[in-house]
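Novice: One predicted model, sequence on top.
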Amino acid sequence: MKIRMPLDSTDAAVLAYFAEACGWALARAHARSGDPAMIAGYMGSNSTFDDAIAKFAADYADQTESDHGVLIKAIKAGRLRLEAQDA
């Protein structure tokens, strides 16, 4: 099922809820793609995987913020044109 992020009414709480719901759905879908006990055994009991995922998420967020800044600068400089679309 696909859903669309409600950009016109999004605040921090809505974004957090939306991200949590997407993460839950993604995790559930992937958990079904293999034997959970086997995956858990492969992952081990230390925090290596958790740390790697957290670092990836933070790095991805930093890159997204950087890309957004470049986009806004390009729009303000007139290199890109922004067009509004009806929701």
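Specialist: Ah, there it is.
Novice: What distance do you get for the one residue sitting closest to the centre of the chain to Ala13?
Specialist: Centroid-nearest residue in the chain: Ala19, 6.6 Å away (criterion: Cα atoms, centre = their mean). Using Cβ to Cβ, to the nearest Å, we find Ala19 at a distance of 11 Å from Ala13. Quick note: C-beta positions are derived from backbone N, CA and C, even for glycine.
Novice: before we move on, what about Gly41?
Specialist: To Ala13, Gly41 is 37 Å away according to Cβ to Cβ.
Novice: remind me which residues of this protein are low pLDDT?
Specialist: 1, 6, 9, 31-33, 86-87 (pLDDT under 70).
Novice: quick one, longest helix in it?
Specialist: helix 48-76 (DSSP state H).
Novice: Which positions in that helix come out as buried?
Specialist: Neighbour counts over helix 48-76 (16 or more other Cβ atoms under 10 Å) mark no residue as buried.
Novice: Next: stretch 23-33.
Specialist: In stretch 23-33, counting by 16+ other Cβ under 10 Å, buried: nothing.
Novice: Can you tell me what sits against that stretch?
Specialist: Here stretch 23-33 makes contact (Cβ atoms under 8 Å, 6 or more residues apart in numbering) with Ile39.
Novice: any idea how far that stretch is from the chain center?
Specialist: 14 Å (Cα atoms, centre = their mean, to the nearest Å).
Novice: Specify the residue ranges that define each domain of the protein.
Specialist: Listed by automatic domain parsing, the domain ranges of the chain are 7-45, 46-80.
Novice: Distance from the last one to the middle of the chain?
Specialist: Mean-position distance between domain 46-80 and its chain equals 10 Å (Cα atoms, centre = their mean).
Novice: and Gly41, what element?
Specialist: Using DSSP states H and E, Gly41 sits within helix 36-43.
Novice: how far off helix 48-76 does that helix point, in degrees?
Specialist: Angle of helix 36-43 versus helix 48-76, following axes from the mean of the first three to the mean of the last three Cα atoms, to 10 degrees, is 90 degrees.
Novice: I'd like to know which elements helix 36-43 is packed against.
Specialist: Where contact means 3 or more Cβ pairs under 8 Å, 6 or more residues apart in numbering; DSSP states H and E, helix 36-43 is not packed against any helix or strand.
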